[in-house]
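In: missing the sequence, but the structure's below:
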């Protein structure tokens, strides 16, 4: 891993005085990193590991999922030479059986789960996906659809030997309408590349997440990704206008409309948004892009307590109104981790909590005036004790890096137990405090950060190594606590393989029953992304 | 009908000069009307018609649906005395069999379809709805869920003798969170009353439509209502956070979460949004309300041609950015109709097209400055020839009335053929022009208006009376034309009874097949709102 250094950067610094003032700092030497850096696993993931297995090399330390978890292979067929020949006829030259290439696709980014698939398919067109799925359906072969493989719940890699169906080569923009901002593209387009594409045309993608440099838009939709722009532009359930999907038997379902309004019949595309590839394979997406803002400001603030964080949020909503585009928070231990592992520099005085507020608007002057008013109020009332504001792209990127790279910093800290929960904001941080008291010294860190504006807490616990005892102290405690607050045990990461058995903490039996019925309707043989999303049906 | 007069009102008037100026007009005498007036059908609908039928009185001129349309009653049971007694045990005193009360519920607002139900049920609780549906399921009795009965496609009234299940008494707010703006309420709450409720607490409802004074939030969700705020706050698919639904067999499906993010399993609530009561009966809604804007401005503009309307839209999006909250348009014939039938006054010089632009923001000064900049640009470049701006509530309401009351004006003009279609904006008005040429003098008016910002055209054709020949000239022409443009044959009104057979113009056979499968899964006996939304399955 190459640490990205942010030793210093140019930013507006202000101090907590009733009449706060801005002063300019010297521009540092290392401000060139991207605001949302490409996830570095492409650099650190070994492409040519040689392990103990003759067909699939082992990433050291990553156990096979089937060895770590009590999961039984379902009675799907095993890929035969005849199957490989059939695939080769459908997508000549794009049937991958090389163990080294397969290794990358069999292990998730967190290196927490590991399948043993023997074949990776790289179709370029919807028709090819259709032919592949039709063949798999006839042969009873299970399929693991894979986008950028950036998921955090083990949904994007096979559990056993499922065929990996990659969207990597389905990366063409189909159309873009420069008045409406409606983009239609294949599912394998990388989010960051799409954002560049639409930015050049005066728009931005309605979603943004740390993994933008690798994740595919199809995967974003399949997992109903949230991310940093959710507060402003809302859910993919509103911004995705149409989908093209290939069903389990190879049928192509064309709902790829580019209309903001369409009330003709049931909105079938919603079935596939957030269903993690278990109901169909998304092959193309139509999505509404908001106009590119003329001005973006980021304020990074230190806060003396969590009660003050909540008050800042209310003040912020009231005073920034329609230009508020992000309200993120991180605690002191998060800051410690990004400083320790990534050598980032804390831009404000040490505080128990830090807040990142972003504004995006059409008038730099108006936005600055609103932001100044808010900051004056927040500082004057003591809700915020220190802060810095970034107004140019480099400063904005550097401030965002502190928040966005926490996941990366955590991965350097040891084994990470990850929780991604929705809670009522007033109880947002209580679980972190309770867990610190409950777990005591057997952990390295218990940290809380996330999208406070959306009520979405990322709760992470690090330890020297995986520990069954620690896991038992965490689960089901975290889930029952969340359920007691009417929260969600998966706010934005989905359930995938690792969280599927906790569905019942957030959904009643009636709902689970209907989910099983939908799965049975759309994929009666259970071939699509098996062992994921839904617990095994009793 | 009591016409609402808007002879004059106080507004900022400006003329099309390169340096446009504002002058204040005298405040008129009749500015007291509501911005979004309660639909007047409560006044004009006779509650005590006596007709030719001994059990269900006839509204003059409204044929029974079964007489006008080629539709066969399905083999459901007929309500018996025993059924009535069972209902009386479930909801004592709220089983309505009085013909006069039934009359109101059997006929739609447009007076275009008419059922002959013999019983109307008014539950107050979800448990009561559940017991009713369980009984109906056991007895094979068909049910027509009904909210405010404001739909425009015949979805809200029975086709034959379906039991009418009204949500009128399910009108309680369950909770409101004054930090997040999340409202949880029963399905029968009237939209306008909810808006008042949340406005007092600093928020607004994310949707607004002409029928707000009567429509129920449950009906809004069941029909995926669009309306005036769609451009700014997006679809109910994004703003509805949770639903409670009673399924066809009486099972209560509790998905009534109040979380912005929840990625646990399939998002079942989406099945019921826009499914027009055919998959389940919505009994409670959790919805995210945006903050109440501090400043609202409305500009009403005259435009010399449709090309200019489109250019104004682009200019508007660029210059007003995040404060743009509506972009509505109407043609000259619409203005003529609201003047003729409702005695409203045209606030600007006569023009071929009129545009209503609304801004909503957190700073009156900033918004005014942005709006002034836009208007200066639009007038200076000749895109707009005349205009007036309303900044206080009365003026804003008066300007909105011109757009909102077009539906009402049309209903006074004769028989109305109504189309509600989505089109690419560049083809938005072509169909109106083509239809005028095609239909010639056999119509009174062919008008176009609607939510241009959402690509949603309301195309209406009026004639002295219903004419089969005119209908044949209109259909399927309008639908095939729309399909050729990849448009939607129902943008926001839904399909209900009257449009269900045109689904195939906007959805491929594969999609229709899956819709039938979903209906069969959720309502295998077809009891819920039969004859609606989906065409009969071959």
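Out: Structure received. The structure presented is a predicted model; accordingly, all values stated were derived computationally and were not measured.
In: Please make it C-alpha for all contacts and neighbour counts, starting now.
Out: Will do.
In: On the three-state scheme, residue A:171 is what?
Out: Using DSSP: H, G, I helix; E, B strand; the rest coil, the structure places residue A:171 in coil.
In: Would you mind measuring from it to residue A:243?
Out: In this view, residue A:171 and residue A:243 are 15 Å apart by CA to CA, to the nearest Å.
In: So which elements touch the strand or helix carrying residue A:241?
Out: Using DSSP states H and E, residue A:241 sits in strand A:240-246. Judged by 3 or more CA pairs under 8 Å, 6 or more residues apart in numbering or on different chains; DSSP states H and E, strand A:240-246 is in contact with helix A:126-139, strand A:252-255, helix A:269-272, strand A:281-288.
In: Packed most tightly, which of the ones you listed would that be?
Out: Of all the helices and strands packed on strand A:240-246, strand A:281-288 has the most neighbours on average by mean count of other CA atoms under 10 Å in any protein chain shown, namely a mean of 29.
In: hmm, who's touching the helix or strand just after it?
Out: Where DSSP H and E defines the elements, the next helix or strand beyond strand A:281-288 is strand A:295-303. By CA atoms under 8 Å, 6 or more residues apart in numbering or on different chains, the surrounding residues in contact with strand A:295-303 are A:309, A:347-364, A:367-368, A:383-392, A:396, A:399-400.
In: now do stretch A:521-537
Out: Contacts to stretch A:521-537, defined as CA under 8 Å, 6+ apart, come from residues A:76, A:137, A:140-145, A:155, A:158-159, A:162, A:247-249, A:275-280, A:494-497, A:499-503, A:512, A:515-516, A:519-520, B:264-265, B:517.
In: and what of stretch A:413-427?
Out: A:310, A:337, A:341, A:410, A:444, A:452, A:455-466, A:471, A:482, A:485-493, B:259-262.
In: Skipping its backbone neighbours, what lies nearest the closest residue to chain B within the stretch 51-200 of chain A in space?
Out: In the stretch 51-200 of chain A, the residue that lies nearest chain B is residue A:179 (6.7 Å; CA to the nearest CA). Excluding its sequence neighbours, the residue lying closest to residue A:179 (CA to CA, 6 or more residues apart in numbering or on different chains) is residue B:314, at 6.7 Å.
In: Confirm that neighbour sits in a helix?
Out: Yes: counting by three-state DSSP, residue B:314 is part of a helix.
In: Which pLDDT does the model give it?
Out: On pLDDT, residue B:314 comes in at 91.
In: what's the answer for residue A:22, then?
Out: Looking at residue A:22, its pLDDT reads 32.
In: all helices of the stretch 51-200 of chain A, in order?
Out: Along the stretch 51-200 of chain A, the stretches classed as helices by DSSP state H, counting those that start in this stretch are A:65-68, A:81-90, A:99-106, A:126-139, A:191-199.
In: thinking again about what came up before, out of residue A:171 and residue A:243, which sits in the busier spot?
Out: More crowded of residue A:171 and residue A:243, by other CA atoms under 10 Å in any protein chain shown: residue A:243, with 29 against 21.
In: So what sits opposite the more buried one in the bridge?
Out: Note on residue A:243: beta-bridge partners by DSSP bridges are residue A:255, residue A:285.
In: contacting residues around it?
Out: A:254-257, A:269, A:282-286.
In: swap in residue A:406?
Out: A:334, A:337-338.
In: same thing but 10 Å
Out: The contact partners of residue A:406, taken as CA atoms under 10 Å, 6 or more residues apart in numbering or on different chains, are A:210, A:330, A:334-339, A:341-342, A:447, A:449-450.
In: any idea which of those has the most stuff around it?
Out: residue A:449 (28 neighbours).
In: Who does that one form a beta bridge with?
Out: residue A:330, residue A:458.
In: gap between it and chain B?
Out: Computed as CA to the nearest CA, to the nearest Å, the residue A:449 to chain B distance reads 15 Å.
In: and chain A, what are its domains?
Out: As assigned by automatic domain parsing, chain A contains the domains A:12-32+A:293-407, A:62-166, A:173-288, A:413-506.
In: most tightly surrounded among these?
Out: Greatest burial across the domains of chain A, using mean count of other CA under 10 Å, falls to domain A:173-288, with a mean of 24.
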